[in-house]
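Enquirer: this one's sequence-less:
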């Protein structure tokens, strides 16, 4: 428990910054018009792809006996991959809404 409190004490500025980023992100996303969600999602997918590559590189440089770094890196790669795939699926579904439907009985 003392180790956790020491970690929090040493990184309190970073923790405050992360909390502020969460609140600012929620506020910004909440005020984005629906028309802009598709381009923003495509941009976010590109950024997450770069983050995923970075996570793979960092995971590759982790020492083989540092299990904490390996587990956190592996989870980061898995979650990043799911985020990229999910973003592309959502973008595809949103773009489907803008396609014109065929007239008549043809589908």
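Expert: Everything's here; your move. Note that the coordinates shown come from a computational prediction; the quantities given were computed from them, not determined experimentally.

Enquirer: where does pLDDT dip in this structure?
Expert: 37-38, 41-42, 104-107 (pLDDT under 70).

Enquirer: max-length helix in it?
Expert: Longest among the helix segments of the chain by residue count, using DSSP state H, is helix 67-97.

Enquirer: and it, what's buried?
Expert: 73, 76, 77, 80, 83, 84, 87, 91 (16 or more other C-beta atoms under 10 Å). Using the backbone N, CA and C atoms, a C-beta is placed for each residue, glycine as well.

Enquirer: which one of these is nearest residue 13?
Expert: Minimum distance to residue 13 across the buried residues of helix 67-97 is 22.4 Å, recorded for residue 76 (C-beta to C-beta).

Enquirer: the residue nearest to that closest one when sequence neighbours are not counted: which element?
Expert: Using C-beta to C-beta, 6 or more residues apart in numbering and skipping the chain neighbours, the partner closest in space to residue 76 is residue 55 (4.6 Å). Secondary structure assigned from DSSP states H and E places residue 55 in helix 37-61.

Enquirer: what does residue 29 give?
Expert: Residue-wise, residue 29 maps onto helix 12-30 under DSSP H and E.

Enquirer: how far out from the middle of the chain is that helix?
Expert: Centroid separation for helix 12-30 versus its chain: 14 Å, with C-alpha atoms, centre = their mean, to the nearest Å.
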